[in-house]
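S.K.: Any chance you can model this:
(one chain, ligands or ions: 2)
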Amino acid sequence: MQYLPIFMDVNDKNVLVVGGGEVASRKVDLLLSASAKVTVLSPRLNDTLQRYRDDAKITVIIDGYHRDYLGHYVMVWVTTDNTLLNKQVWQDCCERNLLVNVADQPELCEFITPSIIDRSPLQIAISSGGLSPVLIRYVREKLEALLPETLGPLGAFAGEQRERVKQQFSSVTERRRFWERFFSSKAVMLATDKGQLQQEFDLQLTTPESDVDGDIYLIKLPDETDLLRLRSLRLMQQADVILYVEDGDDCNERIADFVELCRRDAERYPLLSADFSTQAQARKQQGERVCVLINSTAQFETLTNTLDAISVVA
Ligand SMILES: C[C@@]1(CC(=O)O)c2cc3[nH]c(cc4nc(cc5[nH]c(cc(n2)[C@H]1CCC(=O)O)[C@@](C)(CC(=O)O)[C@@H]5CCC(=O)O)C(CC(=O)O)=C4CCC(=O)O)c(CCC(=O)O)c3CC(=O)O
Ligand SMILES: NC(=O)C1=CN([C@@H]2O[C@H](COP(=O)(O)OP(=O)(O)OC[C@H]3O[C@@H](n4cnc5c(N)ncnc54)[C@H](O)[C@@H]3O)[C@@H](O)[C@H]2O)C=CC1
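M.R.: Ligands and ions are numbered 1, 2, ... in the order given. Below you'll find the model as predicted:
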């Protein structure tokens, strides 16, 4: 991973944009939508920025760049049409440990701008690490078509109810399961207003899941991660515990790729065949979902034969 993806809180923080043209106004729009206090430094302003100044949305310094202007900012965006000047600003910012982005000069960027899907409070940021902006725009368009418009209000609703769910369920596992059941229910997917969400929420909160027992899934891994079935992937992403068979360096590396695809905070253990059954059954009885990742057909058959109460996914 070349860049660290994070979401930065710039609410009410001072941000400097150097340059006052087309690119600057796009960056200013983005910064204003995140409620930053924006100052634009430029000898000239385009119409949009002049309007923002007249509406007191931004502060403006009408002047050419000078390093003394780099005062009290948390970050600097550089958008002038002068590449030598852009480099100078970058250097001055680096000396002051100021985060800096020079538009369209990735080598002069301490951070880069992703392609953004904004369904606030839900946000998706996509990056190609600077390699292919059109590819990430394409991915954004595909994702936007897939994601329902109601995702934003759903996120806001879940945020409001989180405390109530915490009070109702004492363990993280129970809370996670509640939310998974809630988000995957048909009523929530079809809900068009908050009243409908509230109704389904209240219903699910007071109706305990009938099956409190967990599950064990044996998943025989294909040769490559690309070939993994969607159903297997979904189970791996819902699992509370991942057990995987270790056998030989080459295999371990391959299995590590699959383990990477599992839910980020699932517990992960190499499978010790002797105590496997006890290990897995005990976790199942605690209501947890256990995925066992198996490498070879032989192992798969042995485990399937020795352990009955197991759902098998080939
Ligand atoms: C490093 C970065 C700059 C930064 O962080 O500021 C950067 C760099 C460069 N872009 C260039 C070109 C284009 N950029 C776009 C579009 C977008 N570019 C964006 C981000 C980034 N672009 C950052 C890396 C992000 C990452 O990869 O993770 C998006 C996401 C956001 C935004 O810019 O606001 C937005 C899509 C938003 C969306 O629709 O979702 C298009 C297409 C279009 O306009 O439709 C083209 C023309 C096609 C082409 O040339 O590929 C060039 C060559 C310039 C030249 O040749 O003169 C460079 C310089 C270089 O690559 O060296
Ligand atoms: N417009 C676009 O969509 C794209 C632009 N670019 C590049 O990004 C750069 C900026 O593009 P635009 O905003 O369209 O250009 P622009 O010409 O509209 O704006 C440049 C701005 O820089 C300001 N400026 C010039 N010297 C300055 C100085 N000494 N101090 C402070 N500000 C100064 C100017 O006053 C002007 O407001 C250009 O190099 C352009 O080639 C690259 C890709 C796309």
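
S.K.: contacts and neighbour counts: CA atoms only from here.
M.R.: Noted.

S.K.: show me where this protein has helices.
M.R.: 22-33, 47-54, 83-95, 133-146, 151-168, 172-184, 186-190, 194-206, 230-238, 249-260, 276-285, 297-306 (DSSP state H).

S.K.: Can you give the domain ranges for the chain?
M.R.: Here the domain assignment for the chain is 14-113, 116-147, 151-206, 215-313, based on automatic domain parsing.

S.K.: quick one on the thing from earlier: hey, least reliable of the helices of the chain by pLDDT?
M.R.: Mean pLDDT is lowest for helix 297-306 among these, at a mean of 72.

S.K.: Just the CA atoms of that one, as CSV, please.
M.R.: Only the C-alpha atoms of helix 297-306 are listed here, as CSV (Å, rounded to 0.1, in the frame of the first residue of the first chain):
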residue,chain,number,x,y,z
THR,A,297,-9.1,-32.2,-1.2
ALA,A,298,-7.6,-34.9,1.1
GLN,A,299,-7.8,-32.6,4.2
PHE,A,300,-11.3,-31.5,3.2
GLU,A,301,-12.5,-35.1,2.9
THR,A,302,-10.9,-36.1,6.2
LEU,A,303,-12.5,-33.2,8.1
THR,A,304,-15.9,-33.6,6.4
ASN,A,305,-15.9,-37.3,7.4
THR,A,306,-14.7,-36.8,11.0
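
S.K.: rewinding a little: with mean neighbour count as added columns, please give the domains of the chain in JSON lines.
M.R.: Listed next are the domains of the chain as JSON lines, based on neighbours: other CA atoms under 10 Å:
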{"stretch": "domain 14-113", "mean neighbour count": "17"}
{"stretch": "domain 116-147", "mean neighbour count": "14"}
{"stretch": "domain 151-206", "mean neighbour count": "14"}
{"stretch": "domain 215-313", "mean neighbour count": "16"}
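
S.K.: of the ones you listed, which approaches L4 most closely?
M.R.: Judged by CA to CA, the one of these that comes nearest to L4 is domain 14-113, at 8.7 Å.

S.K.: Select, out of the helices of the chain, the one closest to ligand 1.
M.R.: Of all the helices of the chain, helix 133-146 sits nearest to ligand 1, with 4.0 Å by CA to the nearest ligand atom.

S.K.: quick one: is that closest one near ligand 1?
M.R.: Yes. Residues of helix 133-146 are located near ligand 1 by CA under 6 Å from any ligand atom, namely P133, V134, R137.

S.K.: Export the residues you listed as JSON lines, with columns for distance to E288.
M.R.: JSON lines is the format used below for the residues of helix 133-146 next to ligand 1 (distance: CA to CA, whole Å):
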{"residue": "P133", "distance to E288": "41"}
{"residue": "V134", "distance to E288": "42"}
{"residue": "R137", "distance to E288": "39"}
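
S.K.: For I62, grab phi and psi.
M.R.: For I62, the backbone dihedrals are phi -90, psi 100 (criterion: degrees, to the nearest 10).

S.K.: one step back: for the helices of the chain, give me JSON lines that also has distance to D63.
M.R.: Listed next are the helices of the chain as JSON lines, based on distance: least, CA to CA, whole Å:
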{"stretch": "helix 22-33", "distance to D63": "15"}
{"stretch": "helix 47-54", "distance to D63": "14"}
{"stretch": "helix 83-95", "distance to D63": "14"}
{"stretch": "helix 133-146", "distance to D63": "32"}
{"stretch": "helix 151-168", "distance to D63": "41"}
{"stretch": "helix 172-184", "distance to D63": "52"}
{"stretch": "helix 186-190", "distance to D63": "53"}
{"stretch": "helix 194-206", "distance to D63": "50"}
{"stretch": "helix 230-238", "distance to D63": "54"}
{"stretch": "helix 249-260", "distance to D63": "51"}
{"stretch": "helix 276-285", "distance to D63": "66"}
{"stretch": "helix 297-306", "distance to D63": "71"}
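
S.K.: What is the end-to-end distance of stretch 28-46?
M.R.: Separation of the first and last residues of stretch 28-46 by CA to CA, to the nearest Å is 12 Å.

S.K.: so, in contact with ligand 1 or not, it?
M.R.: No. On the criterion CA under 6 Å from any ligand atom, stretch 28-46 is out of touch with ligand 1, staying 8.4 Å away.
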